[in-house]
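Peer 1: compute the structure for the input listed below.
(one chain, ligands or ions: 2)
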Amino acid sequence: MNNPFTLIIDDEPDIRELLEITLNRMNIQTLCAEDITSAKKLLEKHSFDLCLTDMKLPDGNGLDLIDYIQKSNKPMPIAVITAHGSMDIAITAMKKGAFDFLSKPVDLTVLRQLINNALKLSAQPQTTKERRTRHLLLGESQLMRDIRSNIDKVARSQAPVYISGESGSGKELIAKLIHQQSPRNESPFIAINCGAIPAELMESEFFGHKKGSFTGATTDKQGLFQAAEGGTLFLDEVADLPLALQVKLLRAIQEKKIRPVGGHQEISTNIRLLSATHKDLNAMVERGEFRQDLYYRINVIDLVSPPLRNRASDIPELAEHLLAKLATSNVQQQPTLSKEAIHGLKHYHFPGNVRELENILERALALYDGKTIELDDLNLPCSTELPKAEEFNPSEMSLEDYLEEIEKEALSKALEENRWNKTETAKHLGLTFRSLRYRLKKLGLD
Ligand SMILES: Nc1ncnc2c1ncn2[C@@H]1O[C@H](COP(=O)(O)OP(=O)(O)OP(=O)(O)O)[C@@H](O)[C@H]1O
Ligand SMILES: [Mg+2]
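Peer 2: Ligands and ions are numbered 1, 2, ... in the order given. As a prediction, this is how the structure comes out:
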């Protein structure tokens, strides 16, 4: 990009001047406004690559400006400048679509990194790369299409993303795709399983340490934050973070700085934070097992990786893809699945989601006769029993999901008994045809 152009909006002349000087030194042209009205005038006349705006302005709130720019025909990355400690405002702005925040007093290293990130973003073509995501994250159900389009959207932000979902449902795959679609894709993607590091080593693992800072620290060591510099840090099983480290992580996110164990100097960091867990973090917050303030900061944008049973229409495509992959790695010819086998898979409960589907197919590949995989070869665990109310555990599943599950089981059972004749099934259940059709559609059973 030649001569990037930035709009700076702040009512404090000192801040405007500091930002302007720093950006000009980076060969970035700037124009300044002191309030929303004059900013809008400049936005009408010029085309900017980036906007840096204060939140409390004399004639209104910076949040309104975010809306205004996003609705305009010249959208651009917007970073908000917030008063020290007002992380809540930064989070609200990022939820609205601001791509990052800068807190006062402005740290110049952090500012330069932010500008570089923003310019990479402006230089990235706006056209989405949905086709690429489509090859890796399979499924044509509405749920999967929504996830793919959300991945493309959030890849353009720096805001922390929290990915929830059952085990094996694709959380890590989603995290990798967010990184690959983002302007950070040429820097590292570092994934860390927070449950797998001993608590006493965790701080050093995250932030690094200085030689001699504890027994065994024979050299300086870089932590994961530094290893992920410029890229993405994925905290998997974030629910397993010990409380002591949660406090330190909170600081690192807020200040964009870390301090290695035994070190005296803070180091500024430039990472995108993604996190995931299959546990119910909300419930853990309520029980005091996870800090609410940290939950709020890592969960600026949340994505839900839906369980496989809620998108049964994706199962045939996924099964075929996984079979092809397995057959290739076993140097086997790719088998086909019989109709009954596909039917069986579409009605299986899949507590272990896509990973379980993969395991089932791998086992079947070893057993089948060399042509077609039959239902029996799949050896599906029996799961056709209706869930029972006394088994309901709110910390594992919301009431809504649980009731949906029961409805789905009941409808599948009735459909099967009536040989998939919807008119008969509706009669059998005492529903109108339209009401049955509506429910099937809602549950992804059509
Ligand atoms: N939509 C999908 N298309 C293709 N492959 C998928 C899809 N979803 C998941 N997978 C594959 O299923 C496996 C499990 O996915 P992943 O490891 O991302 O799940 P997870 O939610 O992180 O699981 P866990 O909670 O156990 O860590 C991986 O091999 C992944 O590539
Ligand atoms: Mg995982």
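Peer 1: residue contacts, residue 221?
Peer 2: 204, 208-209, 260 (C-beta atoms under 8 Å, 6 or more residues apart in numbering). C-beta: built from backbone N, CA, C; applies to glycine.
Peer 1: farthest-separated two in the residues you listed?
Peer 2: The most widely separated members of the contacts of residue 221, counting by C-beta to C-beta, are 204 and 260 (7.8 Å).
Peer 1: shared neighbours, these two?
Peer 2: 213, 221, 223.
Peer 1: give me every residue in the stretch 151-300 of the chain lying close to ligand 1.
Peer 2: 165, 167-173, 278 (C-beta under 6 Å from any ligand atom).
Peer 1: which of these sit farthest apart?
Peer 2: Spatial extent of these (C-beta to C-beta) is set by the pair 173 and 278 at 13.9 Å.
Peer 1: which residues touch the longest helix that the chain contains?
Peer 2: Ordering each helix of the chain by length in residues (DSSP state H) puts helix 399-417 first. With C-beta under 8 Å, 6+ apart as the test, helix 399-417 has contacts from 309-310, 347, 384, 386-387, 392, 397, 422, 425, 428-429, 436, 439-440, 443, 445.
Peer 1: from residue 239, how far off is the one residue in the stretch 151-300 of the chain that gets nearest to ligand 1?
Peer 2: Here the stretch 151-300 of the chain gets closest to ligand 1 at one residue, residue 170, 2.9 Å apart by C-beta to the nearest ligand atom. Distance of residue 170 to residue 239, computed by C-beta to C-beta, to the nearest Å: 18 Å.
Peer 1: what's the answer for residue 57, then?
Peer 2: 39 Å.
Peer 1: over to residue 218?
Peer 2: Applying C-beta to C-beta to residue 218 and residue 239 gives a distance of 33 Å.
Peer 1: ok, these two, which is more surrounded?
Peer 2: residue 239 (20 against 8; other C-beta atoms under 10 Å).
Peer 1: my guess is the more buried one contacts residue 277, does it?
Peer 2: Yes. With contact defined as C-beta atoms under 8 Å, residue 239 counts as touching residue 277 (4.1 Å).
Peer 1: quick one on the thing from earlier: run through the residues that contact the nearest residue to the residue of the stretch 151-300 of the chain closest to ligand 1 once chain neighbours are set aside.
Peer 2: Among residues not flanking residue 170 along the chain, residue 305 sits closest, at 4.9 Å (C-beta to C-beta, 6 or more residues apart in numbering). By C-beta under 8 Å, 6+ apart, the contact list for residue 305 reads 147, 163-166, 169-171, 174.
Peer 1: so where's this protein uncertain?
Peer 2: Scanning the chain for pLDDT under 70 picks out 1-2, 125-132, 382-391, 396.
Peer 1: show me the domain layout of it.
Peer 2: Domain ranges of the chain: 5-123, 130-305, 313-378, 389-442, per automatic domain parsing.
Peer 1: torsion angles phi and psi at residue 223?
Peer 2: Phi and psi for residue 223, reported as degrees, to the nearest 10, are phi -100, psi -180.
Peer 1: count the neighbours of it for me.
Peer 2: Neighbours around residue 223, by other C-beta under 10 Å: 20.
Peer 1: and it, how far from residue 197?
Peer 2: Residue 223 is 11 Å from residue 197, by C-beta to C-beta.
Peer 1: give me the common contacts of those two.
Peer 2: Common neighbours of residue 223 and residue 197, using C-beta under 8 Å, 6+ apart, are residue 205.
Peer 1: and residue 18, how close does it get to residue 315?
Peer 2: Counting by C-beta to C-beta - residue 18 and residue 315 are separated by 57 Å.
Peer 1: report all helices and strands that the helix or strand hosting residue 52 contacts.
Peer 2: Assessed by DSSP states H and E, residue 52 sits inside strand 50-54. Counting contacts by 3 or more C-beta pairs under 8 Å, 6 or more residues apart in numbering; DSSP states H and E, strand 50-54 is packed against strand 5-9, helix 62-71, strand 78-82, helix 108-123.
Peer 1: out of those, which is closest to ligand 1?
Peer 2: Once C-beta to the nearest ligand atom is applied to those, the stretch that comes out nearest is helix 108-123, at 25.6 Å.
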